[in-house]
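1. Provided below for reference: sequence and predicted model.
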Amino acid sequence: MRRRRGAEPQQLLVDPISCEAVGLCAHTVPELITLDRWGYPIVSGESLGAGQIRAAKRAVRGCPRRALGLARVDDGSG
Amino acid sequence: MTILGADPAEHLAQTGSRGSTSLLPAKVHVVRTGAVGPAPGSPEWEIQGWDDHRASCARTRSGGPWVLNVVAAAGLTGHGGGHFPVTRKWRWALDQRRVDAVVANGAESESLSAKDALLMRLRPHLVLDGLLLTAETLGARRAVVWVHAADRTTAEVMQAAVVERRWLSVTDIDVVCAPSAFLSGESSAVKRALSGGPAIPSFEGFGRDQRDGTAVTVVHNVETLARIATAVTESETDTPRERSALGSRLVTILTPTERCVVEVPRGMAVAEAVRQATGRQPPPTAGVLLGGFGGHWARWADVARRTVDTADLPRDGWSLGPGVIAPLWEPACGLAETAAIADYLASESAGQCGPCLFGLPALAKTLRLLRDGKLWRDGTRRLLRDVRAVDGRGACHHPDGAARLASSMLEAFDGDVDAHAAGHPCQDSGRTTLPVPAART
């Protein structure tokens, strides 16, 4: 079942286990993602605006390791 | 192994507190490092057998939604270090399609903490009561006791307790030994191991709702489970509030020769808890490590008068974690201690996440350079940069713990840090006083 998540604030998340520092994401959306000195992405964790969500989705689709995703901000379940 | 069926009256006299529902005798001395056992010179421990347990506080009803009400009314939070409300975890679990297992986590990582293993050693049935109540309330298919493989005696005690009461249980209880690694008690590692994977953390960030039918696993610290059982007993016997055990917590205090586990009311001051355990006080200028290796440093003078309750510590985010207070009793260099702990934490990384795999060794190296007074012109800027590089960037909170330790060190030992950064290491920086396990290579 697909749920619409229109109004919920969303953030960009990295699954650091799947991430292998390929670095495509930082090339795709440098305004949202920078790389640390080992090449692993740094994301801000703030909730994204509408335009940013579109950019973030490009990065999510482009990741060859499927290590990026959008998630609700602070869903707080244990 | 035999379980001593202790005479209830004798046990009462021994603990001196069975009238109230405290979990442990007033004060227990434990060896300073390694698997938990009686400290040299202290009496052998007596395991509470089934008969004694039944006489004092065995539950009379099986679990169900009513337990949720009891636990909610008691306002129980987790005792593993995260202080997460128990009923919030339960409500989340009840929201899912199926609960596969409830786990009594007795392999919590903090090497300094002795209270969990001690609780299992002295009152295995109380932990099992809480485990079964939770499993029944959540409709879990099985219950698991998760213990460190290196702590064989505790595993044997739990296994014997399970056998001793197996005619009672509808739910299966398995005692499972975890690999003896720092991270094998991390809750996502427990879940991963029980579903057939390796006992290392997994990433749970994208969506924790598993409405697609995957069964979920609920992990509770063993002290939390014991308190759930206690809350239920108290609600059934109408224990007056002032005798209730729910307002207390188990605290491990490191002394120069041993560890001491005491059960203290949440309103008790840190200094008073330490005095009760050791009969003396560390020097006011000393540093104290709160919460264990993944915790943080503080100045003794800043926390001595605060209560052991997390909400009362001087700064947001400060916590006793799983209840560890480790003062530096002798003259010691906080920077050398931190460097040794960071080396250990780096070696215990599961090696899955880049920032932890590369960042922790880098942080540990910077701390070693600072300890030796060789952090030349970079000063502490390099340390702060290394802290930022790991903080919050792993799948689990292992790197966050190391970051917290290093940044709190900068504040708690600011004078020493300045001297070391200027190239003048102190005379104590060649040795450490905390029992830090050797880093794995």
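-> Thanks, I have it. None of the values given here were measured: they were computed from a predicted structure. Numbering: from 1, shown residues only, chains lettered A, B, ... in the order given.

2. residue nearest the centroid of chain B?
-> B:Pro322 (3.4 Å; CA atoms, centre = their mean).

3. pLDDT-wise, which helix or strand of chain A ranks last?
-> Ranked by mean pLDDT, DSSP states H and E, the weakest helix or strand in chain A is strand A:68-72, scoring a mean of 89.

4. Kindly format the C-alpha coordinates of that one as CSV.
-> Output in CSV follows, covering the C-alpha atoms of strand A:68-72 (Å, rounded to 0.1, in the frame of the first residue of the first chain):
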residue,chain,number,x,y,z
LEU,A,68,20.0,7.2,0.3
GLY,A,69,16.3,7.7,1.3
LEU,A,70,13.8,10.1,2.4
ALA,A,71,12.2,9.7,5.8
ARG,A,72,9.9,11.6,8.0
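
5. gap between the residue in chain A that chain B sits nearest to and A:Asp36?
-> Per CB to the nearest CB, A:Pro16 is where chain A lies closest to chain B, at 3.6 Å. Glycine gets a C-beta too; all of them are placed from N, C-alpha and C. A:Pro16 sits 11 Å away from A:Asp36, going by CB to CB, to the nearest Å.

6. now B:Leu225
-> 40 Å.

7. So for those two, which sits in the more crowded spot?
-> B:Leu225 (29 against 17; other CB atoms under 10 Å in any protein chain shown).

8. Find the helix or strand that the most centrally placed residue in chain A is a member of.
-> In chain A, the residue lying closest to the centroid (CA atoms, centre = their mean) is A:Leu12, at 3.0 Å. Following DSSP states H and E, one finds A:Leu12 within strand A:10-14.

9. And that strand, what does it pack against?
-> Applying 3 or more CB pairs under 8 Å, 6 or more residues apart in numbering or on different chains; DSSP states H and E, one finds that strand A:10-14 contacts helix A:50-62, strand A:68-72.

10. Toward the C-terminus, what is the element adjacent to it?
-> With DSSP H and E, the next secondary element past strand A:10-14 is helix A:24-28.

11. picking up where we left off before, any idea of the mean pLDDT for the strand holding A:Leu12?
-> On average, the pLDDT along strand A:10-14 is 92.

12. One more: stretch B:409-426?
-> 93.

13. Let me see the residues that make contact with that stretch.
-> Contacts with stretch B:409-426, where a contact means CB atoms under 8 Å, 6 or more residues apart in numbering or on different chains, come from B:287, B:296-299, B:333-335, B:338, B:370-376, B:379-380, B:383-384, B:429.

14. What subset of those residues is buried?
-> Neighbour-count burial (16 or more other CB atoms under 10 Å in any protein chain shown) applied to the contacts of stretch B:409-426 gives B:287, B:296-299, B:333-335, B:338, B:370-373, B:375, B:380, B:383, B:429.

15. and these, which of them are in helices?
-> B:Gly334, B:Leu335, B:Thr338, B:Leu370, B:Arg371, B:Leu383 (DSSP state H).

16. Name all residues that make contact with the first one.
-> So that's B:Gly334. By CB under 8 Å, 6+ apart, the residues touching B:Gly334 are B:Gly287, B:Trp297, B:Leu328, B:Met409, B:Ala412, B:Phe413, B:Asp416.

17. Identify, from those residues, the entry nearest to chain A.
-> Nearest to chain A among the contacts of B:Gly334, counting by CB to the nearest CB, is B:Met409 at 22.2 Å.

18. doesn't that closest one fall inside a strand?
-> No: using DSSP: H, G, I helix; E, B strand; the rest coil, the secondary structure at B:Met409 is helix, not a strand.

19. what's the closest non-adjacent residue to it?
-> With CB to CB, 6 or more residues apart in numbering or on different chains as the measure, B:Thr338 is the residue that lies nearest to B:Met409, at 4.6 Å, once sequence neighbours are left out.

20. Which pLDDT value goes with the one you found?
-> On pLDDT, B:Thr338 comes in at 97.

21. One more: B:Met1?
-> Value for B:Met1, per-residue pLDDT: 36.

22. Touching, B:Pro284 and B:Ala301? I think so.
-> Yes: applying CB atoms under 8 Å, one finds B:Pro284 in contact with B:Ala301, separated by 4.8 Å.

23. out of those two, which sits in the busier spot?
-> Regarding B:Pro284 and B:Ala301, a neighbour count based on other CB under 10 Å identifies B:Ala301 as having more, with 14 against 11.

24. That one contacts B:Gly287, doesn't it?
-> No: between B:Ala301 and B:Gly287 there is no contact under CB under 8 Å: 10.2 Å.

25. quick one: is stretch B:102-112 near chain A?
-> No: Stretch B:102-112 does not reach chain A (CB under 8 Å from any CB of the partner chain); its nearest approach is 12.9 Å.

26. can you give me the offset of that stretch from its chain's centre?
-> The chain centroid and the centroid of stretch B:102-112 are separated by 6 Å, computed with CA atoms, centre = their mean, to the nearest Å.

27. Close to chain A: what parts of chain B are there?
-> Neighbours of chain A within chain B, by CB under 8 Å from any CB: B:84, B:88-89, B:92, B:201-203, B:205-209, B:211, B:352-356, B:358-359, B:389, B:392-395.

28. low-confidence ranges in the chain?
-> Since you didn't name a chain, this refers to chain A. A:1-7, A:74-78 (pLDDT under 70).

29. I was after chain B.
-> Looking at chain B by pLDDT under 70, you get B:1-21, B:58, B:207-213, B:241-243.

30. Show me what residue of it gets nearest to chain A.
-> Of all residues in chain B, B:Cys353 sits closest to chain A, at 3.6 Å by CB to the nearest CB.

31. got a list of what the nearest residue to the residue of chain A closest to chain B once chain neighbours are set aside touches?
-> Computed as CB to CB, 6+ apart, the closest residue to A:Pro16 that is not its neighbour in sequence is B:Cys353, at 3.6 Å. Contacts of B:Cys353 were listed using CB under 8 Å, 6+ apart, and they are A:Pro16, A:Ile17, A:Cys19, B:Arg393, B:Gly394, B:Ala395, B:Pro399.
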